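S.K.: requesting a structural model of the entry that follows:
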Amino acid sequence: MNTNRLKKAQRILDFFHNNFGLHPPYNVLVDGTFCRTALEEKLQIKEQIPKYLGAQLKLVTTQCIIMEVEKLIKINSNLYGAWLVVKQFPVHKCGHAKNPIPASSCIKSLLKKRNPAKYIVASQDDDLCQYIHRRVVGAPILYLHYKTPTLEKPTEKCLVVASKKSKTLTVFEENTLKSLKRKYIEDDQQPRKKRKKPKNPNSLSCKKSKKVKLPQQGIKEGKRKRKRHRTKKISKPSSTISGE
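M.R.: Sure, this is the predicted structure:
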């Protein structure tokens, strides 16, 4: 599976998930035209479609679709294989069990205008696809381009509706916004505490340390230097010669 194709399909699914509420497991509504083309191209629907979409999904059909293919077998016997393929999918109730209607009309009645059941429509019917483009919002279309499953891009109508939704807030978002505003307004109205100025450092902690004087070299500790005292000599008077 090409990674670029996978990423593109996931971006389209994310668009419908964020704007129209589609979420896995996706309900892929398969009709007879899609089954016939897949059979001709030798495409395994149950294997290839989940790989392409990269998500959990349910392949479903309706009783009207099965009945229509069964009736067409009488006209074209080549549709017998498509009938066997479409029969293997679970049947969603469409409300037409007693009075079956054409497959395209059945799908239109399920989609309505807003696709309430959140279907992904897998079909090769051009008329049905054109109707979805004009009348239905939020219904992705899955078709086969030869052997390649392809998820159609959102239509202009879907883009317009999505842009309008992005401009408006939901009830939950409005309540959240109000609570945040109330919180910030209350915080602003409360008196702010005065910021304390930093105090001067303790004078004792800034007291200079006393330097210890090292003893001088050559003087042993515990002994004082001996001082020399000089004594002055007293000169004796010279003796006089008697008899002069």
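S.K.: okay, now His133: neighbour count?
M.R.: Counted with other Cβ atoms under 10 Å, the burial measure for His133 works out to 15 neighbours. Every residue, glycine included, has its C-beta placed from N, CA and C.
S.K.: make sure I have this right: it is in a strand.
M.R.: No - inclusion of His133 in a strand is not indicated when DSSP: H, G, I helix; E, B strand; the rest coil is applied; the result is helix.
S.K.: name the spans of this structure whose pLDDT lies under the cut-off.
M.R.: 1, 166-178, 180-244 (pLDDT under 70).
S.K.: quick one: the strands in it?
M.R.: Remark: strands of the chain, listed N- to C-terminal, are 26-30, 57-62, 91-92, 119-122, 141-145, 148-151; assignment by DSSP state E.
S.K.: comparing these, which comes out most buried?
M.R.: Between these, the one whose residues have the most neighbours on average, counting mean count of other Cβ atoms under 10 Å, is strand 119-122 (a mean of 24).
S.K.: that one pairs with which strands, parallel or anti?
M.R.: Paired strands of strand 119-122, with direction, are strand 26-30 (parallel), strand 141-145 (parallel) (DSSP bridges).
S.K.: quick one: which of these is nearest Ala55?
M.R.: Between Ala55 and the strands paired with strand 119-122, the shortest gap by Cβ to Cβ is with strand 26-30, which sits at 6.2 Å.
S.K.: got the angle for the closest one vs strand 57-62?
M.R.: When axes from the mean of the first three to the mean of the last three Cα atoms, to 10 degrees is applied, the directions of strand 26-30 and strand 57-62 differ by 40 degrees.
S.K.: what lies in contact with strand 26-30?
M.R.: Contacts of strand 26-30 with the rest of the structure, by Cβ atoms under 8 Å, 6 or more residues apart in numbering, involve 13, 45, 49, 53, 55-62, 65, 86, 89, 92, 107, 110, 117-123, 142.
S.K.: can you check stretch 87-99 too?
M.R.: With contact meaning Cβ under 8 Å, 6+ apart, stretch 87-99 is reached by 27, 29-30, 58-64, 66, 106, 109-110, 117.
S.K.: still on that earlier bit, any chance of the strands of the chain in JSON lines, plus distance to Ser77?
M.R.: Below are the strands of the chain laid out as JSON lines (distance: least, Cβ to Cβ, whole Å):
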{"stretch": "strand 26-30", "distance to Ser77": "21"}
{"stretch": "strand 57-62", "distance to Ser77": "21"}
{"stretch": "strand 91-92", "distance to Ser77": "24"}
{"stretch": "strand 119-122", "distance to Ser77": "24"}
{"stretch": "strand 141-145", "distance to Ser77": "22"}
{"stretch": "strand 148-151", "distance to Ser77": "27"}
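S.K.: ok so, going back, in JSON lines: the strands paired with strand 119-122, plus distance to Pro102.
M.R.: Below are those laid out as JSON lines (distance: least, Cβ to Cβ, whole Å):
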{"stretch": "strand 26-30", "distance to Pro102": "15"}
{"stretch": "strand 141-145", "distance to Pro102": "18"}
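S.K.: so which of those strands is nearest Val161?
M.R.: Shortest separation from Val161 across the strands paired with strand 119-122 is recorded for strand 141-145, at 16.1 Å, computed as Cβ to Cβ.
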